[in-house]
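Engineer: Attaching a predicted model along with its sequence, questions to come.
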Amino acid sequence: MHKELPEEKVFKDPVHHSVYVQDATIWKLVNTPEFQRLRRIRQLGTSYLTFHGAEHSRFSHSLGVYEITRKIISQFERNRYSDWPQEEKLLSLCASLLHDVGHGPFSHSLEQIFHTDHEQWTCEVILGDTGINRVLREVDPGFPEQVASVIRKKYEKPIVVNLVSSQLDADRMDYLLRDAYFTGVNYGTFDLDRILRVLRPYKGKIVVKESGMHAVEDYLMSRYQMYWQVYFHPVTRSSEIVLRQIFRRASELYRSGYEFAFMLSPINELLAGSITLQPYLKLDEAMVQTTFGQWADEKDELLSDLCRRFLNRELYKYVPLESEDKIWLEDVRQEWRRIGLNPDYHLEIDTPMDSPYDVYKPGALPDEKEKPPILLLDEQEQLTEISVKSDIIQSIAGLQRGKYYIYYPQEMVLPHVHLLSPETRKKLSI
């Protein structure tokens, strides 16, 4: 059942100033062990090694997404928009609060190595034997499944999903503002208040009043800049590469029967590929970094070196390449072997790709990751996809700008530079 708190709770927040909680269910969810765990998971993974202020957590981001969703719904209710299903308010707030509760330490890097999916883990937290599940069941026995269906983007009312997951959703709006604030850059700033004022519920969708188009242009350009200046910063990519290599090497050693001098049970289950919900919920970044600190003294020199590099920020040098020259790269791999390096670990090509705004293409195959386009509502109540009317958005729609970088441990290569070909020395700037 739905209950309001006898007195409103307020979180001070550097981005939104205040986060307001009036509902007893939301307050109980915030105080569950599973949600509190998000304090120990950084929002930006390894970006703190590039931007020293980027120490903010998924806990604060999740509260921010909840607050933006609350503001949007409040605006709909104040204006008495008939297309907003008021009975979906609590579901929308719970889904926005819990959307990231399944993230693990250094989440996206961990997902790539162990082929896990934070959305799947989020649903397991919501549906499993957890404090979150018990709080949601107090509302209604079927309520956890409803929240999970919003996370899966399968809920019967797309307008609820749109609030949490679309190209103009509460999640993206909070992380752009929050990440810009904590990294100390200006790229991610945009007029949130203006965007919230021009959002409308219309025929089961969230749309934008046409007069708000320029505020949305600003938002999408901010997202474009943040991806290339912050999220895909080559130093951050270097730290992610080293992090992935640590787990890849540890997995190789585990499969070979290597006896680790130090091992914690959740890490052991992660390497074994058999981790279940309760051990997964014990994983946090403090545990992972403690493990790395111990593995820095392991007998395996490769694992030991990688852990020291990550902890001491002795990252790989990066050099931009004009193209991925596969013949030359194979030659470099051979040169690496000749000078005693392991090309599987001491050489990596990275090509970050991102599309700042995707236009839905009629007739295209459906894609679960595809997010619906942003629609403008004009005075005649006609809907138009935004890139049709915006030259700025049309210019970045579907644009995927990628740049090749090669990463390698420069200080391990320099003593052998005389053994490298002139082409390799030139391309690697050594």
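Structural biologist: Okay, I see it. What you see is a predicted model; the values in this text were computed from it and never measured.

Engineer: CA atoms for contacts and neighbours, from now on please.
Structural biologist: Noted.

Engineer: which SS state does the closest residue to Ile73 other than its chain neighbours fall under?
Structural biologist: Spatial nearest neighbour of Ile73, chain neighbours left out: Lys89 (7.1 Å); criterion: C-alpha to C-alpha, 6 or more residues apart in numbering. Recorded secondary structure, Lys89: helix (DSSP: H, G, I helix; E, B strand; the rest coil).

Engineer: how close does Lys89 get to Glu385?
Structural biologist: Note on Lys89: its distance to Glu385, by C-alpha to C-alpha, to the nearest Å, is 27 Å.

Engineer: C-terminal to the helix or strand hosting His214, what's the next element?
Structural biologist: Assigned by DSSP states H and E, His214 falls within helix 213-226. Remark: after helix 213-226, the chain's next helix or strand is helix 234-256, criterion DSSP H and E.

Engineer: residues in contact with the closest residue in space to Trp336 that isn't next to it in sequence?
Structural biologist: Leaving aside its sequence neighbours, Trp336 sits nearest to Pro343 (C-alpha to C-alpha, 6+ apart; 6.0 Å). Listed by C-alpha atoms under 8 Å, 6 or more residues apart in numbering, the contact set of Pro343 reads Arg333, Trp336, Arg337.

Engineer: For the residues you listed, pick the one with the most neighbours.
Structural biologist: Trp336 (20 neighbours; other C-alpha atoms under 10 Å).

Engineer: does that one really touch Asp344, like I thought?
Structural biologist: No. When contacts are counted by C-alpha atoms under 8 Å, Trp336 is not listed as touching Asp344 (9.7 Å).

Engineer: Over to the closest residue to Gln75 other than its chain neighbours. Which of the three states is it?
Structural biologist: Once flanking residues are discounted, Gln75 sits nearest to Arg197: 7.2 Å by C-alpha to C-alpha, 6+ apart. Secondary structure state of Arg197, per three-state DSSP, is helix.

Engineer: Next one: the closest residue to His416 other than its chain neighbours from Leu220, what distance?
Structural biologist: What sits nearest to His416 in space, not counting adjacent residues and going by C-alpha to C-alpha, 6+ apart, is Ile339, at 6.5 Å. Counting by C-alpha to C-alpha, the separation of Ile339 from Leu220 is 47 Å.

Engineer: Settle it for me: which of the two has more neighbours?
Structural biologist: Neighbour count, other C-alpha under 10 Å: between Ile339 and Leu220, Leu220 has more, with 23 against 15.

Engineer: Do you have the helices of the stretch 251-400 of the chain handy? List them.
Structural biologist: 265-272, 277-282, 285-295, 301-312, 326-338, 343-346, 386-389, 391-396 (DSSP state H, counting those that start in this stretch).

Engineer: need the strands for the stretch 51-200 of the chain, in chain order.
Structural biologist: For the stretch 51-200 of the chain, strands defined by DSSP state E, counting those that start in this stretch occupy the ranges 199-202.

Engineer: which intervals of it have sub-threshold pLDDT?
Structural biologist: Under the criterion pLDDT under 70, no range of the stretch 51-200 of the chain is flagged.

Engineer: how's the chain carved up into domains?
Structural biologist: 4-231, 233-315 (automatic domain parsing).

Engineer: So for the longest one, first residue to last residue, what's the gap.
Structural biologist: Read that as domain 4-231. With C-alpha to C-alpha as the measure, domain 4-231 spans 39 Å from end to end.

Engineer: I'd say Leu177 and Asn186 touch.
Structural biologist: No. Leu177 is beyond contact range of Asn186, at 9.1 Å (criterion: C-alpha under 8 Å).

Engineer: who has more neighbours, the two?
Structural biologist: Leu177 (26 against 14).

Engineer: where do the helices sit along the stretch 51-200 of the chain?
Structural biologist: Under DSSP H, counting those that start in this stretch, the stretch 51-200 of the chain gives helices at 58-78, 89-98, 107-114, 118-127, 131-139, 143-151, 158-164, 170-183, 192-198.

Engineer: Same list (the ones you listed) but as JSON lines, adding distance to Glu379.
Structural biologist: Listed next are the helices of the stretch 51-200 of the chain as JSON lines, based on distance: least, C-alpha to C-alpha, whole Å:
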{"stretch": "helix 58-78", "distance to Glu379": "18"}
{"stretch": "helix 89-98", "distance to Glu379": "27"}
{"stretch": "helix 107-114", "distance to Glu379": "42"}
{"stretch": "helix 118-127", "distance to Glu379": "38"}
{"stretch": "helix 131-139", "distance to Glu379": "40"}
{"stretch": "helix 143-151", "distance to Glu379": "31"}
{"stretch": "helix 158-164", "distance to Glu379": "21"}
{"stretch": "helix 170-183", "distance to Glu379": "25"}
{"stretch": "helix 192-198", "distance to Glu379": "13"}
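
Engineer: Can you check which of those helices gets nearest to Arg39?
Structural biologist: helix 58-78 (5.0 Å; C-alpha to C-alpha).

Engineer: tell me what the closest one is packed against?
Structural biologist: Packed against helix 58-78, as judged by 3 or more C-alpha pairs under 8 Å, 6 or more residues apart in numbering; DSSP states H and E, are the following elements: strand 17-23, helix 89-98, helix 170-183, helix 192-198, strand 199-202.

Engineer: Throw those into JSON lines and include distance to Met226, thanks.
Structural biologist: Output for these, formatted as JSON lines (distance: least, C-alpha to C-alpha, whole Å):
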{"stretch": "strand 17-23", "distance to Met226": "22"}
{"stretch": "helix 89-98", "distance to Met226": "22"}
{"stretch": "helix 170-183", "distance to Met226": "7"}
{"stretch": "helix 192-198", "distance to Met226": "16"}
{"stretch": "strand 199-202", "distance to Met226": "23"}
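
Engineer: So for Leu277, which of these sits nearest?
Structural biologist: helix 89-98 (15.9 Å).

Engineer: Counting residues, which strand of the chain comes out longest?
Structural biologist: If you go by DSSP state E, the chain has its longest strand at strand 4-13.

Engineer: hey, which of the domains of the chain is tucked in deepest?
Structural biologist: Using mean count of other C-alpha atoms under 10 Å, the stretch among these with the greatest mean number of neighbours is domain 4-231 (a mean of 19).
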